[in-house]
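Asks: sharing a model that was predicted from the sequence below.
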Amino acid sequence: GADLAAYCLMLGDDALVLAQRLTEWCTRAPELEEEVALANLGLDLLGQARLLLTRAGQADGSGRGEDELAYWREEHEFRNVRLVEAPNGDFAHSVARLLLFATARGALYRLLAGHPDPVLAAVAARGVLELAYHQEYATAWTLRLGDGTPYSAARMQAGLDAVWPLLDELFVPHAVELRIGADPSALREPVLRTLAAVLAEAGLTVPEARPLASVGGRAGRDGVHTEALGPLLAEFQVVARANPGATW
Amino acid sequence: GADLAAYCLMLGDDALVLAQRLTEWCTRAPELEEEVALANLGLDLLGQARLLLTRAGQADGSGRGEDELAYWREEHEFRNVRLVEAPNGDFAHSVARLLLFATARGALYRLLAGHPDPVLAAVAARGVLELAYHQEYATAWTLRLGDGTPYSAARMQAGLDAVWPLLDELFVPHAVELRIGADPSALREPVLRTLAAVLAEAGLTVPEARPLASVGGRAGRDGVHTEALGPLLAEFQVVARANPGATW
Amino acid sequence: QVQAERFEAVIAAEQRIEPRDWMPDAYRATLVRQIAQHAHSEIIGMQPEGNWLTRAPSLRRKAILLAKAQDEAGHGLYLYAAAETLGVDRAELTEKLVSGRQKYSSIFNYPTLTFADVGVIGWLVDGAAICNQVPLCRCSYGPYARAMVRICKEESFHQRQGYELLMTMMRGTEGQRRMVQDAVDRWWWPSLMMFGPPDGDSPNTARSMAWRIKRHTNDELRQRFVDMSVPQAEHLGVTLPDPALSWNEERGSWDFGEPDWSELKRVIQGDGPCNAQRVDRRRQAHEDGAWVREAALAYAAKRRAEAAR
Amino acid sequence: QVQAERFEAVIAAEQRIEPRDWMPDAYRATLVRQIAQHAHSEIIGMQPEGNWLTRAPSLRRKAILLAKAQDEAGHGLYLYAAAETLGVDRAELTEKLVSGRQKYSSIFNYPTLTFADVGVIGWLVDGAAICNQVPLCRCSYGPYARAMVRICKEESFHQRQGYELLMTMMRGTEGQRRMVQDAVDRWWWPSLMMFGPPDGDSPNTARSMAWRIKRHTNDELRQRFVDMSVPQAEHLGVTLPDPALSWNEERGSWDFGEPDWSELKRVIQGDGPCNAQRVDRRRQAHEDGAWVREAALAYAAKRRAEAAR
């Protein structure tokens, strides 16, 4: 019960927070086709988040719904990795983050598609398809920008350099993950290999950046985030919280 | 009572919201001396806002304190002009807004220094001195940027062009102002003359922009703002609202 | 001459002019202007509601709003494509939008101030757009007419979602009801102005009607919108901010007050509450994205060069 | 040689070296590095608390925080001025900071996650800074010593305000008490690490002490800080996150656990939670402000040219 709930929150919060970052692109994308595509990715992740949060509220016996969990938890109760909460930066920066996340999350969902919990298994099974598209989209843009103009290559490399220290957190297993989910450390090798292949094709360098340090051993999965999450949640939750008891 | 309260809210919200915009510059100013100066301007305005909001809470008989008024009103209850809520833009844009506001508010405070309400009179009397410094600071930078490099002159002109449509709202009298305060339409002429002199000395052009339209005749003084105020308040109020009943 | 007669005959027979058909220059120019404005309106129209995307108060509403924004970008794409069949390209039209040389619907120059505005835009603004657009599904220019069919279908879906949001809010807390009424108060008159100036002030209407680009006058459409909206407002439980609103038994229609045309004029001239903001945002996105579009072109050129080798 | 003897004599007599006095190159270099790091720390140190400026939950706290940020910018100014007396200029030092070639206190590479962090930074971080800095008021280099006198006075004011905020929060709601404890849990160990590595690992300490730049070893200062903080924590009602903390009757001091020096190393090497963010923000401000500084210089040059005419 508690472990399943905690695990669903981790994965659900990853999807929810990244969906929020993607929606920030709306009306700011470099091209209309990208407006459509980024909204689409956001909708996929939002859909996953809704199912996972709902499942978390059932599994922990609290009966909290998706909205109660999304809008009424405090920052330290969010369990997402720090990668997804980082500000968008420019388009290359967002593409770099998406590439890392989609590659890793797709690999994880493949492992989870056979999970004993039917909801988690269903989210993962559909998620495999969705994330494959996200990965393809991010890969296509990584290639275009990496092998486009010298300027775009520099931006893409800078974006990768900026997000790379946040990648490792996806592979550091939390006790809950080991008990109920899949061991994410098993993904490190294959994901890094996939990413290295994409970067090689794009003419980009695999960053040497070391992982971002945690705070006394605690990071996103423990509710210890970066300074980026607070303002994101303030905006995300403001209307819901200004109207307690309201239905929408 | 009600009129005095409403009037104090108008002036207090102007100061409060502009103070918030000025604090956004903290750690982002072009030079350390500007960090010090902008914080100083923010502190002056915040001090005025605290006295005026406190007075409003007394005058309307509600007994609401400065924090209750600052943190627990909704957007449509804020009575500031739209000029002060506009995003900062670049340094020139912020200087332009400050020049307009300080020139107009200083002139108003001179009229109000003899107001029958002793609190309002005291705020105005001290405010005259404070705003004189703000005006001087903004004027000095307008000259430096206007008569600095070609690039800075272009930025300064663009900043002025952007804020100019918001100037007129400071001179459009609200019924409450006519009943209890000073008629701000009397300030239009002298303020425009002062501004024109500064711009002439700086080699800048007085913008021809027409005033920003209201919404069905309602604007900031009626609680009908721009889209900039909501996000500003969301950030401003988030911690206070997340902790109802807390003292700080 | 023969071509002109053939053109007139097609129009008279209520058939479609297609891209390769001959058409009068003025017909083409009118269509380009109208389709471009319409496309721009879809794209700029993403902003007022997009303002609430990150703050939508439930995940379901966030998903609905995001899907709607996506639809609008898609509508923009169809419409720019329809314009391209007339020999202009999207980049050129975008350039005209961001430099302020082409307009979009003035309604989007009003601010969205609460989440209720999202619902009211769905109900009234999309509602007015549908009144304007349904007749365009029978427009004489084929690509535009076909784009409108698809767009109208999605728009009426958006309108229902907007109305449903308002119904939910009206059944909610006191604060929610207040928000809805306030939003209606702010959007009602601008919505009426979406149909353009009164017929007496609309010099191009006659020609557009003759060409079957337009099917009804501004005032006819405005009346239709009012007649449709009044019972919906009653059902919702909100008051429309027009004391002159009253049922005219004789006409079988609602009488209503005169919009403030001087306000419309100011907004059209560029002094509306959000004109500068809307165009700036679009221009900023366009400029910020320039290097990305260039990179994509450079990449595609490299791939083509490789394939040609 | 005579100069060197005179220098040593001044140091031995506990008198001050002044800018025009002769000094060994290594003394000068050590001071430049230390004063620059100290100045950078004041400026970067504005960020963690500045993060809560726009969100301060009462107007009084907002004013206090804004005044503190202002003081810190002021401290940065004094210290850069002190460094300039040694023949380096501020622009050069800023360049080194934003390019990552000069460090600042590692403590500022931790995130501030709730408003309680503002109080804990005042209490612990400013407290540790004061332990480090009070002896510097007697530093052998005159301009630095005098800057420190002024800075220490303001810092202890900030420390009292931080502690007072925490007292207020501890008397408040359950949520506020939780925030305070959580902040203490996160900041305690990093605060201990502010005194630098253990003495055995601090090769420059001996020379700095001989020169009267430093007056106490890292471990001495750390012990003083722990002894000062433990009763304050008790009075506040928070638990310090160190199970090894216990009163040592014999030493008349508190025993405490070993900080995670490998974490400190990672943070110093640039991999702390906020290193990149802090330097980026400073660089961004510096770059965004370049045209403003240039304009001011150009304007001043024009006025000088006019005056010379």
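Replies: Right, received. Where do you want to start?
Asks: going forward, measure contacts and count neighbours with C-alpha atoms only.
Replies: Noted.
Asks: so what's the closest residue to chain C within chain A up against?
Replies: For chain A and chain C, the shortest gap (Cα to the nearest Cα) falls at residue A:30, measuring 3.8 Å. Contact analysis of residue A:30 by Cα atoms under 8 Å, 6 or more residues apart in numbering or on different chains lists A:91, C:285, C:286, C:288, C:289, C:290, C:292, C:293.
Asks: and the gap between the residue nearest to the third one when sequence neighbours are not counted and residue C:98?
Replies: It stands for residue C:286. In this structure, residue C:286 finds its nearest non-sequential neighbour in residue A:30, 6.0 Å apart by Cα to Cα, 6 or more residues apart in numbering or on different chains. Distance, residue A:30 to residue C:98, by Cα to Cα, to the nearest Å: 14 Å.
Asks: what of residue A:130?
Replies: For residue A:130, the distance to residue C:98 equals 34 Å [Cα to Cα].
Asks: now swap in residue A:8 and tell me
Replies: Counting by Cα to Cα - residue A:8 and residue C:98 are separated by 44 Å.
Asks: who has more neighbours out of those two?
Replies: More neighbours surround residue A:8 than the other of residue A:8 and residue C:98, with 26 against 21 (other Cα atoms under 10 Å in any protein chain shown).
Asks: please identify the helix or strand for the more buried one.
Replies: For residue A:8, the host element (DSSP states H and E) is helix A:2-23.
Asks: report the buried residues of that helix.
Replies: A:3-23 (16 or more other Cα atoms under 10 Å in any protein chain shown).
Asks: now stretch C:232-242
Replies: Neighbour counts over stretch C:232-242 (16+ other Cα under 10 Å) mark C:233, C:236, C:237, C:238, C:240, C:241 as buried.
Asks: of all these, which two lie farthest apart?
Replies: Spatial extent of these (Cα to Cα) is set by the pair C:236 and C:241 at 14.3 Å.
Asks: residues in contact with the residue in the stretch 1-150 of chain C positioned nearest to chain B?
Replies: Per Cα to the nearest Cα, residue C:111 is where the stretch 1-150 of chain C lies closest to chain B, at 5.8 Å. Going by Cα under 8 Å, 6+ apart, residue C:111 touches B:226, B:227, C:48, C:273, C:274.
Asks: please name the nearest non-neighbouring residue to residue C:24.
Replies: Closest residue to residue C:24 apart from its sequence neighbours, by Cα to Cα, 6+ apart: residue C:4 at 7.3 Å.
Asks: I meant to write residue C:49 there.
Replies: Using Cα to Cα, 6+ apart and skipping residues adjacent in sequence, the residue nearest residue C:49 is residue C:118, 5.8 Å away.
Asks: measure the one you found to residue D:100 for me?
Replies: Using Cα to Cα, residue C:118 is found at 47 Å from residue D:100.
Asks: which of those two has more neighbours?
Replies: Between residue C:118 and residue D:100, counted using other Cα under 10 Å, residue C:118 has the larger neighbour count: 28 against 16.
Asks: before we move on, the earlier item: whichever of the contacts of residue A:30 end up buried, select them in PyMOL.
Replies: Applying 16+ other Cα under 10 Å to the contacts of residue A:30, the buried members can be selected in PyMOL as follows:
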select buried, (chain A and resi 91) or (chain C and resi 285+286+288+289+292+293)
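Asks: dump the contacts of residue A:30 to a markdown table, plus secondary structure and pLDDT.
Replies: Below are the contacts of residue A:30 laid out as a markdown table (DSSP: H, G, I helix; E, B strand; the rest coil; pLDDT from 0 to 100):
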| residue | secondary structure | pLDDT |
| --- | --- | --- |
| A:91 | helix | 98 |
| C:285 | helix | 97 |
| C:286 | helix | 97 |
| C:288 | helix | 97 |
| C:289 | coil | 97 |
| C:290 | helix | 98 |
| C:292 | helix | 98 |
| C:293 | helix | 98 |
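Asks: residues from chain A in reach of chain D?
Replies: A:210, A:211, A:212, A:213, A:214, A:215, A:216, A:224, A:225, A:226, A:227, A:230 (Cα under 8 Å from any Cα of the partner chain).
Asks: okay, the strand or helix carrying the last one in CSV with CA atoms only?
Replies: Read it as residue A:230. Residue A:230 is located in helix A:229-242, with elements delineated by DSSP H and E. Listed next in CSV are the C-alpha coordinates belonging to helix A:229-242 (Å, rounded to 0.1, in the frame of the first residue of the first chain):
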residue,chain,number,x,y,z
LEU,A,229,10.3,23.9,-7.7
GLY,A,230,8.8,26.4,-5.2
PRO,A,231,8.0,29.1,-7.8
LEU,A,232,6.7,26.4,-10.2
LEU,A,233,4.3,25.1,-7.6
ALA,A,234,3.2,28.6,-6.5
GLU,A,235,2.0,29.3,-10.0
PHE,A,236,0.6,25.8,-10.5
GLN,A,237,-1.4,25.7,-7.3
VAL,A,238,-2.5,29.4,-6.9
VAL,A,239,-6.0,29.3,-8.3
ALA,A,240,-7.0,25.9,-6.7
ARG,A,241,-5.7,27.1,-3.3
ALA,A,242,-7.4,30.5,-3.6
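Asks: and it, what other elements does it pack with?
Replies: Applying 3 or more Cα pairs under 8 Å, 6 or more residues apart in numbering or on different chains; DSSP states H and E, one finds that helix A:229-242 makes contact with helix A:66-72, helix B:229-242.
Asks: neighbouring contacts of the shortest one?
Replies: By Cα under 8 Å, 6+ apart, the residues outside helix A:66-72 that reach it are A:50, A:51, A:53, A:54, A:57, A:236, A:237, A:240, A:241, C:57, C:58, C:59.
Asks: also stretch A:116-135?
Replies: Identification of contacts with stretch A:116-135 by Cα under 8 Å, 6+ apart yields A:8, A:41, A:44, A:48, A:51-52, A:55, A:98-99, A:102-103, A:105-107, A:109-110, A:112-115.
Asks: shaky segments in chain A?
Replies: For chain A, no stretch is flagged by pLDDT under 70.
Asks: mind doing that once more with 90?
Replies: Scanning chain A for pLDDT under 90 picks out A:1, A:181.
Asks: quick one: the helices in it, in order.
Replies: Counting by DSSP state H, chain A has helices at residues A:2-23, A:32-59, A:66-72, A:82-85, A:91-112, A:118-146, A:150-163, A:175-180, A:188-202, A:229-242.
Asks: and the second one, anywhere near chain C?
Replies: Think helix A:32-59. Yes - Helix A:32-59 reaches chain C (Cα under 8 Å from any Cα) through A:32, A:33, A:35, A:36, A:39, A:40, A:42, A:43, A:46, A:47, A:50.
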